[in-house]
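Asker: Quick one, fold the following:
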Amino acid sequence: MFVLQKKLSVLSVPRSRVGMLYRSGADIQLALPGLPSQMGSAFMVLLKKGGGGKVQVLVGLFLAKSRCNIFYVSDSGEVPLELVEQELAAGQIFAESMGFILNDSQLGRMSAEQQEVYWNALPICQRHGDTLPEIKAADTSFAPSPVSVKSNLLAKRQALREHLGKLLASL
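Answerer: Numbering: from 1, shown residues only. Reported below is the predicted structural model:
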């Protein structure tokens, strides 16, 4: 399950703590509670924690019109490296439930200097404003169950198609 982090508005961690970075290939229309409907992009970050070989998965959204970042963190918290694939899969499913398709940014294939420039230029790593709009946590969390992940994903995709159809019909 990914939980909204209301107090987190910018990801100010050094690039050296980033194990993997995935980002959406395209911006999509988002409608989050308390915010106007707008285009947004998604980022999934695998953060390496200090000693002990633990990691944590975070999903960040950048909302273009509101010029703000919204962050969700896995409620599993820091997990051992053995669970990294499971955490990344849960993050991917969470992002897909909103309609995003995430791609590996290939950060590891860049030189150290290129990685630093790329990381610092990401909107989730930049402060865009002093205040974030109020967002209801209960309406924005997602808890994938191992048994029903696929059926939930199919149901969410169908709901997205219906909402998209209604949106297009209203234009």
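Asker: use CA for all of it now, contacts and neighbours both
Answerer: OK.
Asker: so where does the most centrally placed residue in the chain fall, helix or strand?
Answerer: Note on the chain: the residue nearest the mean C-alpha position is Val59, at 2.4 Å, using Cα atoms, centre = their mean. Under the criterion of DSSP states H and E, Val59 resides in strand 54-63.
Asker: which helices and strands sit right next to that strand?
Answerer: With contacts taken as 3 or more Cα pairs under 8 Å, 6 or more residues apart in numbering; DSSP states H and E, strand 54-63 sits against strand 38-48, strand 68-74, strand 79-80, helix 84-97.
Asker: For it, output the C-alpha coordinates as CSV.
Answerer: The C-alpha trace of strand 54-63 is given here as CSV (Å, rounded to 0.1, in the frame of the first residue of the first chain):
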residue,chain,number,x,y,z
LYS,A,54,17.7,-1.5,3.2
VAL,A,55,15.7,0.3,0.5
GLN,A,56,12.4,2.2,0.3
VAL,A,57,10.1,2.8,-2.7
LEU,A,58,8.6,6.2,-3.2
VAL,A,59,6.2,7.4,-6.0
GLY,A,60,6.2,11.1,-6.7
LEU,A,61,3.8,13.0,-8.9
PHE,A,62,4.4,16.4,-10.4
LEU,A,63,1.3,18.4,-11.2
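Asker: per-residue confidence averaged over that strand?
Answerer: When pLDDT is averaged over strand 54-63, the result is 95.
Asker: Stretch 126-144 too?
Answerer: 54.
Asker: likewise stretch 90-108?
Answerer: 94.
Asker: Check stretch 26-36 too.
Answerer: Stretch 26-36 comes out at a mean pLDDT of 91.
Asker: what's the answer for stretch 70-78, then?
Answerer: Rounded mean pLDDT across stretch 70-78 is 93.
Asker: tell me how far the ends of that stretch are from each other?
Answerer: Stretch 70-78 has an end-to-end distance of 20 Å (Cα to Cα, to the nearest Å).
Asker: quick revisit: can you list the helices and strands packed on strand 54-63 in TSV and add distance to Gly19?
Answerer: Supplementary listing: the helices and strands packed on strand 54-63 in TSV, determined by distance: least, Cα to Cα, whole Å:
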stretch	distance to Gly19
strand 38-48	5
strand 68-74	15
strand 79-80	13
helix 84-97	10
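Asker: picking up where we left off before, ok, the strand holding Val59: who's next to it in the sheet?
Answerer: strand 38-48 (antiparallel), strand 68-74 (antiparallel), strand 79-80 (antiparallel) (DSSP bridges).
Asker: Please consider this matter closed, and thank you.
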